[in-house]
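[1] Pasting the sequence and the predicted model now:
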Amino acid sequence: MATRRTSEEPAFVLHRYDWSESSLILEVFTRHHGRIALVAKGVKKPTSQFRPVLLPLQPLALSWGGDAEVRTLKAAQWQGGHVMPTGDALLSGSYLNELLMRLLARDDPHPGLFDHYTLAVQLLAERSDAQQLVLRAFELLLLRDTGLLPDLSCEGSTLAPLQEGTSYVLGAESGLRVAHGDDVHSLEASQWLLLQTALNDRDPLIASLRACSGCQQSLQPQLRALLHYHSGVRVFRTRQLLLDLQSLVRPKAVPDPVASSGPTSS
């Protein structure tokens, strides 16, 4: 029986692990095969042709072979299109990679989400003023495409339409419910409906980015709660890295970067 081979598949490297003195295990996000694991043999050698190519947040065309859970990388080519994000944008991109690692099962294709991720990475590299909106828009699409985002056009428990002028909060298990006096963060019905409409748009990432522009500060902690709940972690590694970096610069007063509106929040 011939060994299965896949050629020139659009992909991004999400994470890399040491496998031996000269090789790496790569977690990659591909358009037609979802998240898969590849072994890149000899890639750590100075003479490896893969060494300068297998970088995160870069559009690649990968070829591999094998039927096991971990396939063998055969070829890798950089596809170009945009420069690699740096600085704050690099940390934001790393946050997106961590979300994909935690919320996507292996071998579960999400071609639409792959396209949204490709555009999100490009926007992070090119638009430093829109990083927070890009993150919020991608979080919404990731939760939706993995079946973890409730319908934002109705109450979760009753499925009743949202009432104009009423504020609602988003719960991981309950969906939308009417906000109470002790709810710090909430959005009005019109804002939730705008977000749902954006998700149904033909270009949902851009539409969601625009819809988030007027509510991202209140939306951010609600989406973060859903992401923590479904990923099973209390703090994402990239967020902790931001906290640690800021504590080195300003040890006496460290703002929560995830709760802020600055470009480095995740």
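    Nice, thanks for sending it over.

[2] Quick check: chain neighbours aside, which residue is closest to A160?
    Nearest residue to A160 in three dimensions, chain neighbours excluded: C154, at 6.1 Å (C-beta to C-beta, 6 or more residues apart in numbering). (C-beta placed from N, C-alpha, C; glycine too.)

[3] now that neighbour: how far from L162?
    6 Å (C-beta to C-beta, to the nearest Å).

[4] Give me the common contacts of the two.
    Here C154 and L162 share the contacting residues L176, scored by C-beta atoms under 8 Å, 6 or more residues apart in numbering.

[5] the more surrounded of these two?
    Taking neighbours as other C-beta atoms under 10 Å, C154 and L162 compare with L162 leading, 22 against 18.

[6] tell me the contacts of that one?
    Under the criterion of C-beta under 8 Å, 6+ apart, the neighbours of L162 are S153, C154, E155, Y168, L176, A189, W192, L193.

[7] Let me see the ranges of the helices in the stretch 1-150 of the chain.
    Along the stretch 1-150 of the chain, counting by DSSP state H, counting those that start in this stretch, helices occupy 88-103, 111-126, 131-145.

[8] I'd like to know which elements the second one is packed against.
    Looking back up the chat, that one is helix 111-126. In this structure, helix 111-126 makes packing contacts with strand 5-18, strand 24-30, helix 88-103, helix 131-145, helix 204-212, judged by 3 or more C-beta pairs under 8 Å, 6 or more residues apart in numbering; DSSP states H and E.

[9] quick revisit: right, so the helices of the stretch 1-150 of the chain: which one is the most enclosed?
    Comparing these by mean neighbour count (mean count of other C-beta atoms under 10 Å), helix 131-145 comes out on top with a mean of 23.

[10] ok and that one relative to helix 111-126, angle-wise?
    Between helix 131-145 and helix 111-126, the angle comes out at 170 degrees (axes from the mean of the first three to the mean of the last three C-alpha atoms, to 10 degrees).

[11] Go through the helices and strands of the chain and name the one with the lowest mean pLDDT.
    Counting by mean pLDDT, DSSP states H and E, the chain has its least confident helix or strand at helix 237-249, which shows a mean of 71.

[12] What residues sit buried inside stretch 193-201?
    By neighbour count, with 16 or more other C-beta atoms under 10 Å as the criterion, the buried positions of stretch 193-201 are L193, L194, L195, Q196, A198, L199.

[13] Now do the SS call for the second one.
    What DSSP: H, G, I helix; E, B strand; the rest coil gives for L194 is helix.

[14] wait, it sits on A211?
    Yes - L194 sits in contact with A211 when judged by C-beta atoms under 8 Å, with a separation of 4.8 Å.

[15] on that earlier part again, what is the most widely separated pair among the buried residues of stretch 193-201?
    When C-beta to C-beta is used, the two most widely separated members of the buried residues of stretch 193-201 are L193 and L199, lying 10.8 Å apart.

[16] Can you check which residues contact both of those two?
    L152.

[17] show me where pLDDT drops low in the stretch 101-250 of the chain?
    Along the stretch 101-250 of the chain, the model assigns pLDDT under 70 to residues 242-247, 249-250.

[18] Try it again at 80.
    Scanning the stretch 101-250 of the chain with the threshold set as pLDDT under 80 gives 239-250.
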